[in-house]
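A.B. asks: after the sequence you'll find the predicted model.
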Amino acid sequence: MDASLSNRPRLQPGIPAGGIAAIVVTLAAMSWGLFSDRPTDTHGPRFTFAVGDGMVPPAPPAPPAAPRAPQVQVDAEGIRSAVREAMRSLDVEAIRRAAEQGRAAAERVREASRAGGSMDSAALADVGGTFSASFDAPRGVSLVDLTADITVDMSRRADKVRLEVEGGGARLRTSVQDGALTLIGTNADAPVTIRLTLPTQADLVLANVAGDLTISGRSEGALKADLRRGDITAERVGSAAIVVREAGSISIGRVEGRLDFASHGAADLSVERTGVASLTVNGHSDVQIGRVEDGLTLAIPGHADVSIDRVDGPVKTDFAGAGSVSISEGEASSLQVAVTGAGEFRFDGLAHDPVVLASGVGSVHIARHEGRSRVQNTGQGTAYVGD
């Protein structure tokens, strides 16, 4: 063998150290290229944090809560309950009871006629001309199931009830019981004309009547009317409880005691002066009152425009409908108002301890108050109580 060949260095198996260094350099260059090619944020470099299992980043502080307006709790249902309780005094049931008593009296008249007996009564059958009679009825008169124009003259000198009837085709019956005269129409659509002369203390009741009523002179008794449709005009009455079913207009100069009025259709009310007033409007009404001396209660689920010059005493209003209530002056010993519809209530007098709820789109304005005021406004309207 050649000696020169035997002296050459022999290659050892494995990766030379120079190759390893070359690989490391290549990987470092590739890594630098990757990091240098990543986009940077326009506001500076982007940093990434790795959080271990045992580390929790601190939560940012919560922003402070906005201050809440003070809430005043107003017993809205209490206001409505107070109004409903006050409205129970509207003696509509008494009017209906009078009508039932009149019908019962008419039935007794028919039974007595069949039996051949006698009662303090007179039957008016097929009135074709004029009928007139006098009755000993100091308690008053009830007119039931009639279509009639009625004129009443109040007389201090009268000691009996004087009745005059004109009409064609009407069938009427009368009955006197316990000092009260009842006149019943057996065919309510046949029109008649009735003229009455009453003692001043006598009561007058209309039940299911259509037509106009005019009362002349001063009455110390009660007027109770359940009117289908028609107008009522009176100078002065002791008290008045009036229900209008369809349409009508009521005009009274003065009510000495209590005024109760309910409208289920379209009715207008005009009163110069009254003691206590309770008004319910389910339909549509225009109401004008000069003065309410001893308290006012309003329940308006319908539409009403109410204008009153002066109110003294407690005022309670549940205004769930639409329209307006305007009271120009007065002193409300207590005032509770709930406007939950689209109505506007305004009291320009002095209110003691007012309680106001406005939860609809309407508004409440109280010019002045004394004592504690409680106001809750949760609707889109406004509620203002002045000092």
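C.D. replies: Okay, I see it.
A.B. asks: which element is N187 on?
C.D. replies: Applying DSSP states H and E as the criterion places N187 outside every helix and strand.
A.B. asks: just say helix, strand or coil for the nearest residue to it once chain neighbours are set aside.
C.D. replies: Here the nearest residue to N187 in space, its sequence neighbours aside, is R171; by Cβ to Cβ, 6 or more residues apart in numbering that works out to 5.3 Å. All C-beta spots, glycine's among them, are computed from the backbone N, C-alpha and C. The assignment at R171 comes out as strand when based on DSSP: H, G, I helix; E, B strand; the rest coil.
A.B. asks: hmm, R171 is touching L183, no?
C.D. replies: No - using Cβ atoms under 8 Å, R171 makes no contact with L183, being 11.7 Å away.
A.B. asks: so the two - more neighbours on which side?
C.D. replies: Set side by side, R171 and L183 show unequal neighbour counts under other Cβ atoms under 10 Å, the larger going to L183 at 26 against 17.
A.B. asks: spit out the contact partners of that one.
C.D. replies: Under the criterion of Cβ atoms under 8 Å, 6 or more residues apart in numbering, the contact partners of L183 comprise G102, V141, S142, L143, V144, L146, L163, L172, R173, T174, I194.
A.B. asks: try it again at 6 Å.
C.D. replies: Going by Cβ atoms under 6 Å, 6 or more residues apart in numbering, L183 touches L143, T174.
A.B. asks: in the host helix or strand of it, what counts as buried?
C.D. replies: Taking DSSP H and E as the definition, one finds L183 inside strand 180-185. Of the residues in strand 180-185, those scored as buried under the neighbour-count criterion (16 or more other Cβ atoms under 10 Å) are A180, L181, T182, L183, I184, G185.
A.B. asks: grab the longest strand from the protein for me.
C.D. replies: strand 239-263 (DSSP state E).
A.B. asks: could you give the angle of the next helix or strand after that one to strand 239-263?
C.D. replies: Note on strand 239-263: by DSSP H and E, the next helix or strand toward the C-terminus is strand 266-281. Computed with axes from the mean of the first three to the mean of the last three Cα atoms, to 10 degrees, the direction of strand 266-281 lies at 100 degrees from that of strand 239-263.
A.B. asks: need the contact partners of the next helix or strand after strand 266-281.
C.D. replies: Using DSSP H and E, the helix or strand that directly follows strand 266-281 along the chain is strand 284-292. The set of residues that contact strand 284-292 without belonging to it, under Cβ under 6 Å, 6+ apart, is 263, 266-274, 277, 303-311.
A.B. asks: packing partners of the following helix or strand past strand 284-292?
C.D. replies: Next along the chain after strand 284-292, taking DSSP H and E as the criterion, comes strand 296-300. The contact analysis (3 or more Cβ pairs under 6 Å, 6 or more residues apart in numbering; DSSP states H and E) places strand 296-300 against helix 76-87, strand 266-281, strand 315-319.
A.B. asks: what lines up beside strand 296-300 in the sheet?
C.D. replies: In the sheet containing strand 296-300, its partner strands are strand 266-281 (parallel), strand 315-319 (parallel), by DSSP bridges.
A.B. asks: packing partners of the helix or strand that comes right after that strand?
C.D. replies: Sequence order places strand 303-312 as the next helix or strand after strand 296-300, per DSSP H and E. Identification of packing neighbours for strand 303-312 by 3+ Cβ pairs under 6 Å, 6+ apart yields strand 284-292, strand 322-332.
A.B. asks: so for V205, which of those sits nearest?
C.D. replies: Comparison of these against V205 by Cβ to Cβ identifies strand 284-292 as nearest, at 22.4 Å.
A.B. asks: CA atoms of the closest one as CSV?
C.D. replies: Coordinates of the C-alpha atoms in strand 284-292 are reproduced here as CSV (Å, rounded to 0.1, in the frame of the first residue of the first chain):
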residue,chain,number,x,y,z
HIS,A,284,-118.5,62.8,26.8
SER,A,285,-119.4,65.8,28.9
ASP,A,286,-118.9,69.6,29.2
VAL,A,287,-119.3,70.7,32.8
GLN,A,288,-119.5,74.3,34.1
ILE,A,289,-120.0,75.0,37.8
GLY,A,290,-119.8,78.3,39.5
ARG,A,291,-119.0,77.2,43.0
VAL,A,292,-118.7,74.0,45.0
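A.B. asks: quick one: it to strand 296-300, angle?
C.D. replies: 170 degrees.
A.B. asks: average pLDDT for strand 284-292?
C.D. replies: Averaging pLDDT along strand 284-292 gives 97.
A.B. asks: got the angle between it and strand 322-332?
C.D. replies: Using the same axes, to 10 degrees, strand 284-292 lies at 10 degrees relative to strand 322-332.
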